[in-house]
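>>> sequence first, predicted coordinates after that:
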Amino acid sequence: MQILRDFQIQALRALDKKSAHVICVAPTGSGKSLIYELYATKTNVRTILVTPLLALARQQKKTLSFKNTPVFTKEDLIYLLHTSPKNGVLILNPESFLYAHRLRLITHWKPNFFVVDECHCFWDWGEDFRVAFTLLPKILKNLHISKSLWLTATLPYQARAILNAELPSPVVEIGKFEFTKKVFLSSMQIPWQYRVSFLIDLVRNKTDPGLIFVQTRNEAEKLALLLSKHVNAIAFYHAGLSHEERIHLENQYKLKTIKILVSTSAFGMGMNLSHLRWVILYQLPPSVLFLTQAIGRVGRDSNYLDHAYLLWEKTDFQLLEGIAFNSVRKRNELYALFDFLKNSKCLIQGLTKYFENEEAPICKDKCNYCTQHNA
């Protein structure tokens, strides 16, 4: 018999009520997806699972199918029209709801449970990158679905308040941000002229699989090519690759044929990559949320203490300021990141302050700020 955690039990109890919209925040790798996996097996539960990335959708489909749960995608909408199965999970991206003909087919199936995985994208991407995320609460209402589940490990308190206000009543909030105990976080100021050589020395000594994040597709390709002269089994990954190329790389990475992947944010969100032992952010991300999501790619195996590295310097902020120029919120996110890096006495304490707006004790031994200054 499977032993459930407190937040899973609370969420399932809330969903057993006639109407409930649950916002669940729980640590990376803690089993958030198990909530909808279990609830979707109930009789006459027709689930829509909204997921942000194709790679994550493929993993979710595989997991649900393994548990003998009927799984459908947008390609199966005509099938649903003619068969109307009483149970199953329909996996869609947010943009699927923008097409009137698809929306009609979805409505005909009469879904009664709405799940949004990685729901921080509502806040992080919804303003301009993938606006469809901001429409999800409205779509939920238009479909007259009385139960929904919004899952993430990283939802800032301001975003949680906005999402709560946009959802129908009653809204149940469960959990809070917690930094994983299985990752050591290092923030390192490395000037650009030394960053490549520093990175080469860092990865050259790594024997376990890891991930390097960059900001653009071009940077992913260039950095992978440069590093391939110094390390073996390395490749790049980004959304510009073909569907077949991405699946091939994902499989090679899981099989450890490829040990190092240089990627944009297109890879790894929400995926259970428990064999990864380290992640490096080669340059400053645009927000604390992005940073924390990248860190969440590791720390999924309780038998290991993994490592996350952030490489940055002040000029990184100047580059990002140009990108954030037209958005007040993005500028505020950038300022929050600067404040976090410059003024935190403990990185883990600083993350808790950002996500929960509350004070927390220093970690003492889970970040290099503490081991260098607070020991």
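That came through, no problem.

>>> and the residue found closest to Lys182 once you drop the neighbours it is linked to in the chain, how many neighbours does it have?
Spatial nearest neighbour of Lys182, excluding adjacent residues (C-beta to C-beta, 6 or more residues apart in numbering): Gly299 at 4.1 Å. (Each C-beta comes from the backbone N, C-alpha and C, glycine too.) Other residues within reach of Gly299, judged by other C-beta atoms under 10 Å, total 26.

>>> is it fair to say Gly299 lies in a helix?
No - assessed by DSSP: H, G, I helix; E, B strand; the rest coil, Gly299 does not belong to a helix; its assignment is coil.

>>> wait, isn't it in contact with Gly29?
Yes - Gly299 sits in contact with Gly29 when judged by C-beta atoms under 8 Å, with a separation of 6.6 Å.

>>> check the spacing between the residue nearest to Lys182 and Val288 real quick.
As judged by C-beta to C-beta, to the nearest Å, Gly299 and Val288 stand 17 Å apart.

>>> now do the helix or strand containing Tyr369: which elements does it pack against?
Following DSSP states H and E, the helix or strand that holds Tyr369 is helix 368-369. Packing partners of helix 368-369 (3 or more C-beta pairs under 8 Å, 6 or more residues apart in numbering; DSSP states H and E): strand 183-189.

>>> buried ones in the first helix or strand past the strand it packs on going along the chain?
Towards the C-terminus, the helix or strand next in line after strand 183-189, according to DSSP H and E, is helix 192-204. For helix 192-204, a neighbour-count test (16 or more other C-beta atoms under 10 Å) marks 195, 199, 202-203 as buried.

>>> again with stretch 101-113
103, 105-106, 109, 111, 113.

>>> any idea how far Val71 lies from Thr47?
10 Å.

>>> contacts only, for Glu356.
Residues counted as contacts of Glu356 (C-beta atoms under 8 Å, 6 or more residues apart in numbering) are 157, 176-177.

>>> filter the residues you listed to the buried ones?
Buried members of the contacts of Glu356, scored by 16+ other C-beta under 10 Å, are 176-177.

>>> out of the contacts of Glu356, who's nearest Ile35?
Of all those, Lys176 has the smallest distance to Ile35: 16.3 Å, by C-beta to C-beta.

>>> just confirm that closest one contacts Val25, I think it does.
Yes - taking C-beta under 8 Å as the contact criterion, Lys176 and Val25 are neighbours in contact, 5.8 Å apart.

>>> so how many other residues sit close to Pro170?
Considering only other C-beta under 10 Å, Pro170 is surrounded by 12 other residues.

>>> isn't it right next to Val22, touching?
No - counting by C-beta under 8 Å, no contact exists between Pro170 and Val22, whose distance comes to 9.7 Å.

>>> name the residues contacting each of these two.
With contacts defined as C-beta under 8 Å, 6+ apart, no residue is shared by Pro170 and Val22.

>>> Asp76 versus the spatially most distant residue from the centre of the chain, what's the distance?
Relative to the centre of the chain, the most outlying C-alpha is that of His82, 34.7 Å out, by C-alpha atoms, centre = their mean. Separation of His82 from Asp76 (C-beta to C-beta) stands at 10 Å.

>>> what of Ala55?
Separation of Ala55 from Asp76 (C-beta to C-beta) stands at 20 Å.

>>> check what pLDDT the nearest residue to Ile162 once chain neighbours are set aside gets.
Counting by C-beta to C-beta, 6+ apart, the nearest residue to Ile162 once its immediate chain neighbours are dropped is Trp123, at 7.4 Å. The pLDDT attached to Trp123 in the predicted structure is 88.

>>> now swap in Gly126 and tell me
So, for Gly126, pLDDT stands at 69.

>>> all strands for the stretch 151-300 of the chain, in order.
For the stretch 151-300 of the chain, the strands defined by DSSP state E, counting those that start in this stretch occupy 171-175, 183-189, 210-213, 234-237, 260-263, 278-281.

>>> sort out for me which of the buried residues of stretch 101-113 are in strands.
Of the buried residues of stretch 101-113, the ones assigned to strands by DSSP state E are Phe113.

>>> can you give me the domain assignment for this structure?
Domains of the chain are assigned by automatic domain parsing as 6-175, 183-343.

>>> closest one to Gly350 among the ones you listed?
When the domains of the chain are ranked by distance to Gly350, counting by C-beta to C-beta, first place goes to domain 183-343 at 4.7 Å.

>>> could you tell me the angle between the longest helix belonging to the chain and strand 183-189?
In terms of residue count, the longest helix belonging to the chain (DSSP state H) is helix 328-343. Here helix 328-343 runs at 90 degrees with respect to strand 183-189, directions being taken by axes from the mean of the first three to the mean of the last three C-alpha atoms, to 10 degrees.

>>> show me how far whatever helix or strand comes next after helix 328-343 is from its chain's centre.
Sequence-wise, the next helix or strand beyond helix 328-343 is helix 347-356, with elements assigned using DSSP H and E. The gap between the average C-alpha position of helix 347-356 and the chain average comes to 17 Å, counting by C-alpha atoms, centre = their mean, to the nearest Å.

>>> swap in stretch 217-227?
Going by C-alpha atoms, centre = their mean, the spacing between the C-alpha centre of stretch 217-227 and its chain's C-alpha centre is 23 Å.

>>> alpha carbons of that stretch, as PDB, please.
Provided in PDB are the C-alpha atoms of stretch 217-227 (Å, rounded to 0.1, in the frame of the first residue of the first chain):
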ATOM      1  CA  ARG A 217      19.500  28.500 -28.800                       C
ATOM      2  CA  ASN A 218      22.600  30.000 -30.400                       C
ATOM      3  CA  GLU A 219      24.500  30.000 -27.100                       C
ATOM      4  CA  ALA A 220      23.500  26.400 -26.500                       C
ATOM      5  CA  GLU A 221      25.000  25.200 -29.800                       C
ATOM      6  CA  LYS A 222      28.200  27.300 -29.500                       C
ATOM      7  CA  LEU A 223      28.900  26.300 -25.900                       C
ATOM      8  CA  ALA A 224      28.300  22.600 -26.600                       C
ATOM      9  CA  LEU A 225      30.700  22.800 -29.500                       C
ATOM     10  CA  LEU A 226      33.300  24.500 -27.500                       C
ATOM     11  CA  LEU A 227      33.000  22.100 -24.500                       C
END
